[in-house]
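Chemist: Prediction below, plus the sequence it came from.
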Amino acid sequence: MISSVSLMASHLTVFAHVKLTPLIDSVKTDTIARGFNNFVGNKGAVKLDFMLAGRRFIIVNAHFHSGQDAVEKRNADFAAMLDRFVYEKTESGIVAPVSHMPDALIVVGDLNYRINGFQESILKAMSNDQYDLLLSKD
């Protein structure tokens, strides 16, 4: 196991083969709460950041705001996650140099983005490869 991190019900554990162990270093974890007043951890994200053979990897498990009309909240959740976990933006607005950007960023979880429409029509559009139509309802 490389490491594990949790924020309330959001968890992230990353494993690596034992042969990779000598190539892994600089392991860091972090969390960001995005629930009520950006304090409660029922919404938010957890991060595991590490170097593998000189390459920086960031893996994030996120749980963003839900609701058909909460797109702005989800976008704000995503922006806050990027600012803190990727750009390492401080409260004074300082951002990490580009040379410190990750080689790979993997985001998983319940992002709660949705397509406006009825399930039957969405599934039909998917089966007919009508992705432009679906994108217009995103």
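Modeler: All right, it came through fine.
Chemist: residues in contact with stretch 125-137?
Modeler: Ile115, Asn116, Gly117, Ile122 (Cβ atoms under 8 Å, 6 or more residues apart in numbering). Backbone N, C-alpha and C define where each C-beta goes, glycine included.
Chemist: The same query, at a cut-off of 10 Å, please.
Modeler: With contacts defined as Cβ atoms under 10 Å, 6 or more residues apart in numbering, stretch 125-137 is touched by Arg114, Ile115, Asn116, Gly117, Ser121, Ile122, Lys124.
Chemist: PyMOL command to pick out the buried ones of the residues you listed?
Modeler: Restricted to buried positions by 16 or more other Cβ atoms under 10 Å, the PyMOL selection for those reads:
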select buried, resi 115+122
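Chemist: Out of the contacts of stretch 125-137, name the ones that lie in helices.
Modeler: Within the contacts of stretch 125-137, residues falling in helices by DSSP state H are Ser121, Ile122, Lys124.
Chemist: Measure how buried Gly67 is and give me the count.
Modeler: For Gly67, the neighbour count with other Cβ atoms under 10 Å is 10.
Chemist: Compute the distance from the centre of the helix ranked longest in the chain to the centre of its chain.
Modeler: Determined from DSSP H, the single longest helix within the chain is helix 71-81. Put simply, helix 71-81 sits 10 Å off its chain's centre (Cα atoms, centre = their mean, to the nearest Å).
Chemist: That'll do, ta.
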